[in-house]
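>>> Have a look at this prediction, sequence included:
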Amino acid sequence: MAETDSYETAINRTDRVAEFEDTRRGFVGTVQHVLHTNPALVPLIVLVLSILTFGVLQGSRFFSPFALTLILQQVQIVGIVAAAQSLVILTAGIDLSVGAIAVISSVVMGQFTFRYGLPVEVAVACGLALGTAIGYLNGWLVAVMKLPPFIVTLGMWQIVLAANFLYSANETIRSQEIEANAPLLQFLGTTFKVGADESGRGGATFTYGVIFMVLLVLVLAYALRHTAWGRHVYAVGDDPEAAQLSGVNVKRTLISVYALAGLICAFAGWALIGRIGSVSPTSGQLLNIESITAVVIGGISLFGGRGSILGTFFGALIVGVFTLGLRLMGADAQWTYLLIGVLIIAAVAVDQWIRKVAA
């Protein structure tokens, strides 16, 4: 009888402890769980608040179709490169060569067209193939040779950057030459209007590069969420050893991620030609930092295995909103860097807080 009473007392005590923990975790735990299961929610909230804030301060100037679509045009290159960076960071890696891959791909497209006289379609295909090959090499070194992603891509960044200047001889192919002889190189920079009046005024101005960026984000979001490959990417980033034991081919997954990232960066190089109008080996110098900034602000964990490609898209837009909003206010450009720096630190702090729900 005593043993029975002791057993029932222990059960009751356990129930009380469990109830106490649930009560204590109530609101905070719910918020953490919601943010953990919807990683794009935080950057979306920040994006909406940023738009509303600058809209209140600037009024109709900021809310005009021209201003809002200008943000999309300004972030299209960063958005594309950040999509590639997101894939790598989801595997708990990092790619410091994304900017260099984009630039050398654009240089190859231009040089193959004007130096060797190849059809522009073939030149573009060669540039895309080169970007994919460099990404594949990064992935092979990381997955097969077991080298740290940071070291591999840091070294590849230096190699590709040097090869870029050596091959191009620091020569810029001017916009006039491209427009006259190879307009396809500028295709992703071609603009078109939606909602303009009969005289062509007003409305929203888009580029094919913006359309490509949006479609890319949507395709990757679907692939990561609804395909076996996407689940493997998250599994590898969360715990590669556990993923291997559960039947995931970790090496093949990593190589595919880095190769796809290289291909996406090559597309960014093509879009870069359209954006600046020329083929310049000195362009895109800040793409590495800008892409990582968009990824971090977008809520993708630097520890891998958690995050959303939509969050990265929102992160890129947040940077664009701050840049344009402060410019319209006439603020010094340094305020943009200051606020973005605060956002980066805050994003990492929020990520650490959210990760506690899984601890």
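Yep, it's here.

>>> avg pLDDT for the host helix or strand of L166?
Assessed by DSSP states H and E, L166 sits inside helix 149-168. In this model, helix 149-168 has an average pLDDT of 96.

>>> List the buried residues for it?
The neighbour-count check on helix 149-168 (16 or more other C-beta atoms under 10 Å) flags P149, V152, T153, L154, M156, W157, V160, L161, N164, S168 as buried. Where C-beta positions appear, they are placed from N, C-alpha and C, glycine not excepted.

>>> mind listing what the last one touches?
Same thing as S168. Going by C-beta atoms under 8 Å, 6 or more residues apart in numbering, S168 touches V107, Q111, P281.

>>> Kindly provide the distance from the first one to N181.
Which is V107. 17 Å (C-beta to C-beta, to the nearest Å).

>>> Which one of the two is surrounded by more residues?
Here V107 and N181 are set side by side on neighbour count (other C-beta atoms under 10 Å), and the busier one is V107, at 26 against 12.

>>> Make sure the more buried one is actually in contact with L166.
No - the pair V107 / L166 is not scored as a contact, 10.7 Å apart, by C-beta atoms under 8 Å.

>>> which residues in the protein form strands?
191-194, 204-207 (DSSP state E).

>>> Please identify the most buried of the ones you listed.
When the strands of the chain are scored by mean count of other C-beta atoms under 10 Å, the highest mean neighbour count falls to strand 204-207 (a mean of 18).

>>> For the stretch 51-200 of the chain, which segments count as helices?
Here the stretch 51-200 of the chain has its helices, by DSSP state H, counting those that start in this stretch, at 60-63, 65-90, 98-114, 120-143, 149-168, 175-181.

>>> So which elements touch the last one?
For helix 175-181, the elements it packs on are helix 98-114, judged by 3 or more C-beta pairs under 8 Å, 6 or more residues apart in numbering; DSSP states H and E.

>>> that older thread, I211: which of the helices of the stretch 51-200 of the chain is closest?
Smallest distance to I211 across the helices of the stretch 51-200 of the chain (C-beta to C-beta): 9.2 Å, for helix 65-90.

>>> contacting residues for A223?
Contacts of A223 (C-beta under 8 Å, 6+ apart): W229, G230.

>>> Might you list the low-confidence residue ranges for the stretch 1-150 of the chain?
For the stretch 1-150 of the chain, applying pLDDT under 70 flags the ranges 1-25.

>>> Nice, that's everything, thank you.
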